[in-house]
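Participant: Sharing a model prediction with you, sequence too.
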Amino acid sequence: MLFDNKIVAQALRKIRDSRGLSQEVLSGLAGLARTHLTMIENGKKQPNFETIWRIALALDMRPSELVAYIENEIENNKS
């Protein structure tokens, strides 16, 4: 399985939207700059594990759940 920034971006945006959170709110809950979250959601910046951890907790998820969700999305988007 190859890492794909664009699918990570889509997955994070999809979860955030499903929870009804704006980038402003999620970035505040995660302790990230909104611009940083925007770059991640646009696939322009690759989140490190600490960032994934913070985003997961802000989404009220375990980091392992978020990573599993992203893995699933990558698997489902294979060509």
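Facilitator: Now that the structure is in, tell me what you want to look at.
Participant: And the residue positioned nearest the centre of the chain, what's its pLDDT?
Facilitator: Central residue of the chain (CA atoms, centre = their mean): L12, 3.1 Å from the mean position. For L12, the model assigns a pLDDT of 96.
Participant: which residues touch it?
Facilitator: Going by CB atoms under 8 Å, 6 or more residues apart in numbering, L12 touches I40, E41, I55, I70. C-beta coordinates here come from the backbone N, C-alpha and C atoms, glycine included.
Participant: same question, N76
Facilitator: Going by CB under 8 Å, 6+ apart, the list of residues near N76 is empty.
Participant: where's it relative to R16, distance?
Facilitator: To R16, N76 is 18 Å away according to CB to CB, to the nearest Å.
Participant: among the contacts of L12, which two are most distant?
Facilitator: Farthest-apart pair in the contacts of L12 is E41 and I70; separation 12.8 Å (CB to CB).
Participant: on that earlier part again, what helix or strand does the residue nearest to the centre of the chain sit in?
Facilitator: helix 5-18 (DSSP states H and E).
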